[in-house]
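> here's my sequence, what's the structure:
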Amino acid sequence: MGFVSCTGCKRWHKTPGSCPNPTCPNFSAAAVVQGSAVPPKPVPGATAPKLPAPGGTAPKLPAPAPTAPPQVLVVPGGGAVFPPSLTYAFRGEDDAKGGKKGRSPADVRKDGGFSCWRYPPKDFKPAKGREHLKSLVEAGSLEDQARLWCQLKNRENGWFFSTATAAGAAYDNYDYLYRIDVRALRKRDWAAVGLTTVKNVEKMILYTDQPTIAASNLIAVFWNSPLRTEELLIMTPVPPTSIELKKKDAATYVSLTTA
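As a prediction, this is how the structure comes out:
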């Protein structure tokens, strides 16, 4: 008997109507005894693939087409995205308790608001902040001082006072949460604010309320480092008129001048 083509698996075998191929829908155990399955009949004109010679190496398969890597937004100075303008900065403080010094809203009003930690608030003016920024940038030490302040909070590095651009859980446990109006701040290019010498500011992001440092009354910077991209370091004094207060468990903010 000659070979016939199976209608189920298209293989050739000697048992018409039944197939010895166990994966075929026409499989029959009896057909396994009568004949053996053979490979499908080659297509006329097709070329069989070349097998490697004994002891040779297998032919190389074509490399898969390269896939483009996902796009990543990169910003000079560390990769964090800083907005072109800001709205509010937040600061939490406690009353004196447990032997620790504290500060009440009345104290903040008496101090004239917030200012950098190197000077008593009454002695600190916007011109001092401008002078500090200019000196630190010219010396190339602004980033070092910002890093030390963020990490240690030592007074000798206190050319700033720290705030956050979001209230966050960290401030929810303070007696007083202050909201500072910084809507005048705009992100600036270090090369375009009128400074003659600018050194080592690659990781420092600058915000001012005026196009030049000389004309600015509100100056702040970010140290662009992991976990510090929401810590806004303000270098000029902020008066009580720009500050709102929310006491612990209160629902809303009120002006510090009337609290």
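> can you give me the end-to-end span of stretch 106-126?
One end of stretch 106-126 to the other measures 22 Å (Cα to Cα, to the nearest Å).
> give me the mean pLDDT for that stretch.
The average pLDDT for stretch 106-126 rounds to 88.
> over to stretch 248-258?
If you average the pLDDT values across stretch 248-258, you get 94.
> low-confidence ranges, this protein, go.
Within the chain, the set of residues satisfying pLDDT under 70 comprises 1-80, 169-170, 172.
> ok but Tyr198 is inside a helix, no?
Let me fix one detail, which is that residue 198 is Val and not Tyr. No: Val198 is assigned coil when assessed by DSSP: H, G, I helix; E, B strand; the rest coil, not a helix.
> surely it touches Trp190?
Yes: if you go by Cβ atoms under 8 Å, Val198 and Trp190 touch, sitting 5.0 Å apart. All C-beta spots, glycine's among them, are computed from the backbone N, C-alpha and C.
> list the residues that contact both of these two?
Common contacts of Val198 and Trp190 (Cβ atoms under 8 Å, 6 or more residues apart in numbering): Val137.
> and Cys116, how far from Ile205?
Between Cys116 and Ile205 the distance is 18 Å, computed by Cβ to Cβ, to the nearest Å.
> dihedrals phi and psi, the nearest residue to Ile243 once chain neighbours are set aside?
In space, Ile243 comes closest to Leu256 once its chain neighbours are excluded; the distance is 4.3 Å by Cβ to Cβ, 6 or more residues apart in numbering. Dihedral pair for Leu256: phi -60, psi -30, per degrees, to the nearest 10.
> burial measure for Lys122, as a count.
Other residues within reach of Lys122, judged by other Cβ atoms under 10 Å, total 11.
> count of residues packed around the closest residue to it other than its chain neighbours?
In space, and not counting its chain neighbours, Lys122 is closest to Gly112: 6.0 Å by Cβ to Cβ, 6+ apart. Other residues within reach of Gly112, judged by other Cβ under 10 Å, total 16.
> ok, Gly112 to Ala166 distance?
Taking Cβ to Cβ as the measure, Gly112 and Ala166 are separated by 26 Å.
> now Lys134
Lys134 sits 30 Å away from Ala166 when distances are taken as Cβ to Cβ.
> between these two, who's got more neighbours?
With other Cβ under 10 Å as the criterion, Lys134 and Ala166 differ in neighbour count, and Lys134 comes out ahead with 19 against 11.
> show residues contacting the one helix or strand the more buried one maps to.
Secondary-structure assignment from DSSP states H and E places Lys134 in helix 126-139. Residues outside helix 126-139 that contact it (Cβ under 8 Å, 6+ apart): 116, 119, 142, 145, 159, 190, 195-199, 201, 213-214, 216-219, 221, 235-237.
> residue contacts, Thr257?
109, 240-241.
> let's have the residues you listed in a markdown table, adding neighbour count and distance to Ala89.
Listed next are those as a markdown table, based on neighbours: other Cβ atoms under 10 Å; distance: Cβ to Cβ, whole Å:
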| residue | neighbour count | distance to Ala89 |
| --- | --- | --- |
| Arg109 | 17 | 18 |
| Pro240 | 21 | 15 |
| Thr241 | 10 | 15 |
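> which ones among the residues you listed map onto helices?
Filtering these for membership in helices, criterion DSSP state H, returns Arg109.
> wait, which of the contacts of Thr257 is closest to Arg183?
If you rank these by distance to Arg183 using Cβ to Cβ, Thr241 comes first, at 13.5 Å.
> in contact with the closest one, which residues?
Taking Cβ under 8 Å, 6+ apart as the contact definition, Thr241 lies against 255, 257.
> what distance do you get for it to Asp181?
As defined by Cβ to Cβ, Thr241 lies at a distance of 9 Å from Asp181.
> residues shared between the contacts of these two?
Among the neighbours of Thr241, none is also in contact with Asp181 (Cβ under 8 Å, 6+ apart).
> any idea where the strands of the stretch 51-200 of the chain begin and end?
In the stretch 51-200 of the chain, the segments counted as strands under DSSP state E, counting those that start in this stretch are 88-93, 161-164, 176-181, 186-188.
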